[in-house]
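# Based on what follows, work out the 3D shape:
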Amino acid sequence: MSGHGSQTIQELAGEALRDTTLLAQKEFALFRTEMSQNIRQIFIGITLVVAAAAFAIAAIMLFTQALVDWLAVIVGSRALAALIVGGAMALIAIGLGLGARYAMSTSSLAPQRTTRSLKRDAEILSERVTG
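Numbers count the residues shown, from 1 in each chain. Below you'll find the predicted structure:
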């Protein structure tokens, strides 16, 4: 870039417009890349959760049945054993659901690098405009 003293106002304005357009294009490309990476991570996570759930459901059913049978011998009532095991499993399900909601909060999906880069670029542009 040549010295600003020999450039006209139109040349400076044109250069600033070109620089701003180029900057906006680069920021948008960064945003798209970052968002596609975030979305890809979410889909991978969802796929793994579904696969794990498919295998875990059968195991949970067998373990639950075994626990009810064992507890029925101890408490002397199959219905009471089923109620105790069902209540414990409901508490576990609530805890897992709350944990999942926290893990999938929208704050982790926000494009952090793009936001930082936009703030930095805004500071640089404001310094450049004010001279």
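# residues in contact with the helix or strand bottoming out on mean pLDDT in the chain?
In the chain, no helix or strand scores lower on mean pLDDT, DSSP states H and E than helix 112-130, which sits at a mean of 82. Helix 112-130 is contacted by residues Ala16, Thr20, Leu23, Glu27, Leu30, Phe31, Glu34 when judged by CB atoms under 8 Å, 6 or more residues apart in numbering. C-beta: built from backbone N, CA, C; applies to glycine.
# Out of those, who's the most crowded?
Counting neighbours by other CB atoms under 10 Å, Glu34 leads the contacts of helix 112-130 with 18 neighbours.
# what helix or strand is that one on?
Per DSSP states H and E: Glu34 is located in helix 9-75.
# Counting by contacts, list what that helix packs against.
Packing partners of helix 9-75 (3 or more CB pairs under 8 Å, 6 or more residues apart in numbering; DSSP states H and E): helix 78-103, helix 112-130.
# just how off-centre is it within its chain?
Put simply, helix 9-75 sits 5 Å off its chain's centre (CA atoms, centre = their mean, to the nearest Å).
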